[in-house]
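Chemist: Here is a sequence with its predicted model. Questions after.
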Amino acid sequence: MSFLESNLGKRISSGIAIGIPILIIVYIGGTLFDLVAIILATLCAWEWANMTGKSWMQGYGLISSSVIISSIVLYILADSLSIALIPIILGLIACYYFKQVKNQPTKWIAIGFLYLAIPLMMLCEFRIGYDSSKEFFVLLLTTWGVDIGAYAFGRKLKGPKIAPKISPNKTWAGLLGGIVGATLVLEISQTEIFNHSIGDSFPAYLLMGTLTAVIGQIGDFWESGIKRKFGVKDSSNIIPGHGGILDRIDGLLAIAVVWGLIVF
C-alpha cells in the first residue's frame, strides 16, 4: 500500500485539498464566503439529521434543517445575531409543542439548533463582522494548530487516555500537544484579537491556547458521544479519510462559540 492510499495519507491529502480552498474563500470573503457558509450549514444540517436518525427532508428532519439553514441565511442578510436567532427560538417553541402536546421525541432536534446554528453564526461573525480575513484566519489556524499538535504528540508519546469510553484515541499527551500548537500559532501571529479582553502578551496567548485546546477537545468528545449514542462511525463519508463535515469541525464549532463570547 502506498502512502497516499494509507489512512494517514488520505487524511493529509484531503486536509490539503480542503484547507487551501477554505483559506482562499475566507480571504476573498463577500458573496463567495456567504454562499459557502450556506452550503456548509446545509451539509451540517444534513449530517445531523441523518446521524440522529431523521430524514433531513421529511418531518422533524426537515424542521431541523430549515431552522439551521434559515438562521445562517438571516444572519448573512441582516448581519445581526439577534435577528438570526428568530428561527432558532421558533424552532425551540415548535419542539416544545410537539414534545408536550404530541408527545413526540424532539430533544435531539432542539439540541441540533443550538449545537449547529449558533456556532455557525459565530464562525460567520469572525469573517463578516470584521473588515478583513485576519481574525478568521487566526481562529482557523489556531484550531488547526490544536489538531496538528494533538495528533503529533499523541502519536509520538501515546500515554494514558482521557476518556477511552467516549474517544479511545484521545490522550493527555495529545491535549498537551494541542495546547502547544495553539499557543505557538497565537504567539507567531501576534494577533490583537484579544486586546480588549485578556490582552496580547505571551501569558495571554498561553491562556487562550490552553482554553482553545481544552474546548476543542470537549467539542470532539461531544460529537464522539453523539455518534456512539446513535451507533454511527462518522457523521458521513463525504471527505475521504476524514468522514464527514462535522467530524472535521466539531472542535472548531465549540472554539468559535467560546472565542466569540470573549471577543464580542
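Modeler: That came through fine.

Chemist: helices or strands next to the strand or helix carrying Gly177 in the packing?
Modeler: Secondary structure assignment for Gly177, by DSSP states H and E: helix 172-189. When contacts are defined as 3 or more C-beta pairs under 8 Å, 6 or more residues apart in numbering; DSSP states H and E, helix 172-189 packs onto helix 134-157, helix 202-230. Placement of C-beta: from N, CA and C, glycine included.

Chemist: so Ile198 sits right up against Thr210, yeah?
Modeler: No: in this structure, Ile198 is not within contact of Thr210 by C-beta atoms under 8 Å, at 11.8 Å.

Chemist: What number of residues are in the vicinity of the nearest residue to Ile226 once chain neighbours are set aside?
Modeler: Excluding its sequence neighbours, the residue lying closest to Ile226 (C-beta to C-beta, 6 or more residues apart in numbering) is Met51, at 6.8 Å. Look at Met51: counted by other C-beta atoms under 10 Å, it has 23 neighbours.

Chemist: Quick check: Asp34 touching Asp79?
Modeler: No: applying C-beta under 8 Å as the test, Asp34 and Asp79 come out as separate, 10.6 Å apart.

Chemist: Show me which of those two is the more surrounded one.
Modeler: It is Asp34, of Asp34 and Asp79, that has more neighbours when counted by other C-beta under 10 Å, with 18 against 13.

Chemist: Can you tell me how far that one is from Gly154?
Modeler: 36 Å (C-beta to C-beta, to the nearest Å).

Chemist: Which other helices and strands does the host helix or strand of Ser82 contact?
Modeler: Assigned by DSSP H and E, Ser82 belongs to helix 81-100. If you count contacts as 3+ C-beta pairs under 8 Å, 6+ apart, helix 81-100 packs onto helix 59-78, helix 107-112, helix 118-128.

Chemist: State the distance from the residue of the chain most remote from its centre to Cys95.
Modeler: Within the chain, Val101 marks the point farthest from the mean C-alpha position, 33.4 Å out by C-alpha atoms, centre = their mean. The gap separating Val101 from Cys95 is 11 Å, by C-beta to C-beta.

Chemist: again with Gly243
Modeler: Per C-beta to C-beta, Gly243 is found 27 Å from Cys95.

Chemist: the more surrounded of the two?
Modeler: Using other C-beta under 10 Å as the criterion, Gly243 and Cys95 rank with Cys95 on top: 24 against 18.

Chemist: hang on, the more buried one packs against Trp108?
Modeler: No: using C-beta under 8 Å, Cys95 is not in contact with Trp108; the gap is 9.6 Å.

Chemist: before we move on, the earlier item: please identify the most buried of the helices and strands packed on helix 81-100.
Modeler: Among these, the stretch with the highest mean neighbour count (mean count of other C-beta atoms under 10 Å) is helix 118-128, at a mean of 23.

Chemist: which other residues reach that one?
Modeler: Residues from elsewhere that reach helix 118-128 (C-beta atoms under 8 Å, 6 or more residues apart in numbering): 26, 29, 33-34, 37, 40-41, 44, 68, 71-72, 75-76, 79, 81, 84, 88, 133, 135-136, 139, 252-254, 256-257, 259-260, 264.

Chemist: that older thread, is it correct that the residue nearest to Ile226 is in contact with Gly243?
Modeler: No: using C-beta under 8 Å as the test, Met51 is too far from Gly243 to be in contact (10.8 Å).

Chemist: intersection of neighbour lists for those two?
Modeler: 235-236.

Chemist: Which residue comes closest to Ser66 once chain neighbours are left out?
Modeler: Pro87 (7.6 Å).
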